[in-house]
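Novice: Following is a predicted model, sequence given first.
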Amino acid sequence: MRDVERLTNSSQTTGAWIGLRSINERDIKEWHWSLPGEKYNPTECEPGCAPEWATNDGRKQPSNEGVNPENCVVMYIPLKKWYDVHCSLKRKFICYNETGEQKYFVIDEPELNWLQAQSYCREHHTDLVSGLENINSVEFNDQQSCPDSSNPDKLLWIGLFREIWSWSDGKNFSFRHWDLDSFKDVASKTCAMTTSNGKWSSDICTDQKPFYCYDDKVILINESKTWDEALTYCRENHHDLVSITDSHQQRWVQERAKMADTEFVWLGMRYTCTMDLWLWVIDRLVCYHNWAQDNMDEQCGMAGVMERDGEWYTKADHKKFHFICAK
C-alpha cells in the first residue's frame, strides 16, 4: 500500500503500466491463501495434492477441467472437501475476522465471484477464511458458523486460489489492488495498469501507455574488500554502505545479495565497543533485524553481512566480501 500511495500521489495516475502480468494458467503449480502470511503446505504427493481435496467419481481435485481455467476453490461444507472452479462463478462465501468474539461469518447475500468475495471480506472483516488451522478449528465447524442444513447450496468460497499474475522482477508478492468495476479477467487483457482512483485494471499488453519504472536505490559491487574499504568505496562513488531499517529495504537488498559471487556481502552495520551496541553507518540503532539464529557475535572488530538467502551474520571486519552501496 505504501507503493500504491506513492503512485497515486504522482503526476500520472491513470492508464499507466505497472509490472504485473497474467501468466499461462496451465503452467501454474502453486496454490496460495488469500490471508497474507498464511502458507499453503500440501502433503508430500502430487503437485497441489492435500487430503482436503475431493476425490469423488474417481477424479482427483484440483482437476482444472474445461475451457476456462479453474483457479479458485469452493468447500463442500458437509464433507469439508475442496473443489477447484472458475473464479467468475457467483457463490456464497465465508469471511474470517482476526479480532472479535465471532471469527467466521457465512455471507449468504449477495452471491459474488471469488474476487468480489475477497474484496467484501477485506472491507467488512479481515479476509476470506484461510489456512487449515482456521478451517479445521472447532469454532469454524460449529453449527452456528456453517450454513443451515436446509440450505441446498453448500459450496462456498474459501480463500484458496491459484495465482495467475506475476511481477516482472520475479518477486513472489501476492498483494493485489484491483478495481473490480474496471478489471476484466479476460484472456486478451493480461497486463496491469493504474486507474484514476489508484487501483488497478488490465488491458492488452501491446497497447501503448505511459509506464512506471522503479529503482531500488541500492547497487551490488562485485569487488572483494574489507568492511572499511567497502565503506570508503561507497562514500566516494555512491552514497554509503547500505543500511536496512525495515522489511521493505530488506527485500531490495536481499535481491541484490542473491547476485553476489561471494557467500556474504557487507552491510553498513558495525559493532561499537565503546557503546556496546550495533549501529548503522547512518547513526541509527539496529531496531529492525533479520539475524540468523545464534549468529549475533558482539565483539570488537565485527561487522554485519548478509548471506545470499537474506539472513544476517557477523564477520570480522578485516575479511573481504562483495558489498552493497546505497545510491
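Specialist: Perfect, I can see it now.

Novice: any idea which element residue 229 lies in?
Specialist: Here residue 229, judged by DSSP states H and E, is contained in helix 227-237.

Novice: what's residue 82 in contact with, if anything?
Specialist: Listed by C-beta atoms under 8 Å, 6 or more residues apart in numbering, the contact set of residue 82 reads 50, 52, 53, 54, 61, 62, 73, 74, 75, 76, 158, 160. For glycine as for every other residue, the C-beta is placed from the backbone atoms N, C-alpha and C.

Novice: hang on, it in a strand?
Specialist: Yes. Residue 82 forms part of a strand when assessed by DSSP: H, G, I helix; E, B strand; the rest coil.

Novice: Which strand residues bridge it?
Specialist: According to DSSP bridges, the residues that bridge with residue 82 are residue 53, residue 75.

Novice: quick one: it and residue 60, what's the gap?
Specialist: 11 Å (C-beta to C-beta, to the nearest Å).

Novice: quick one: common contacting residues for these two?
Specialist: Common neighbours of residue 82 and residue 60 (C-beta under 8 Å, 6+ apart) are residue 53.

Novice: What distance do you get for residue 271 to residue 229?
Specialist: 18 Å.

Novice: Repeat that for residue 124.
Specialist: 56 Å.

Novice: Could you do residue 104 as well?
Specialist: 58 Å.

Novice: Who has more neighbours out of those two?
Specialist: Taking other C-beta atoms under 10 Å, residue 104 and residue 229 do not tie; residue 104 has more neighbours (20 against 16).

Novice: Setting the sequence-adjacent residues aside, check what's closest to residue 98.
Specialist: Sequence neighbours aside, residue 126 is the residue nearest to residue 98 in space, at 4.2 Å (criterion: C-beta to C-beta, 6 or more residues apart in numbering).

Novice: give the contact list for the one you found.
Specialist: 35, 95, 96, 97, 98, 99.

Novice: In ChimeraX, how would I select the buried members of those residues?
Specialist: Those of those that count as buried under 16 or more other C-beta atoms under 10 Å are selected in ChimeraX with:
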select :35,95,96,97
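
Novice: closest to residue 254 among the contacts of residue 126?
Specialist: residue 35 (23.4 Å; C-beta to C-beta).

Novice: any idea how far the closest residue to the closest one other than its chain neighbours lies from residue 95?
Specialist: Leaving aside its sequence neighbours, residue 35 sits nearest to residue 130 (C-beta to C-beta, 6+ apart; 3.6 Å). In this view, residue 130 and residue 95 are 10 Å apart by C-beta to C-beta.

Novice: tally of neighbours for residue 232?
Specialist: 13.

Novice: oh, I was asking about residue 273
Specialist: 11.

Novice: Can I get the host helix or strand of residue 6 as CSV, trimmed to CA atoms?
Specialist: In the assignment (DSSP H and E), residue 6 maps to helix 2-8. The C-alpha trace of helix 2-8 is given here as CSV (Å, rounded to 0.1, in the frame of the first residue of the first chain):
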residue,chain,number,x,y,z
ARG,A,2,2.9,2.4,0.6
ASP,A,3,3.9,1.9,-3.1
VAL,A,4,0.3,2.4,-4.2
GLU,A,5,0.1,5.6,-2.3
ARG,A,6,3.3,6.9,-3.9
LEU,A,7,2.0,6.2,-7.3
THR,A,8,-1.4,7.8,-6.5
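
Novice: what's the spacing between that helix and its chain's center?
Specialist: Mean-position distance between helix 2-8 and its chain equals 17 Å (C-alpha atoms, centre = their mean, to the nearest Å).

Novice: Buried residues in it, which are they?
Specialist: Buried residues in helix 2-8 (16+ other C-beta under 10 Å): residue 7.

Novice: Below-threshold pLDDT in this protein: ranges please.
Specialist: Counting by pLDDT under 70, the chain shows low-confidence ranges at 10-13, 24-29, 42-50, 56-59, 65-68, 143-153, 170-174, 184-186.

Novice: before we move on, the earlier item: and the residue nearest to residue 35, how close does it get to residue 98?
Specialist: Counting by C-beta to C-beta, the gap from residue 130 to residue 98 is 11 Å.
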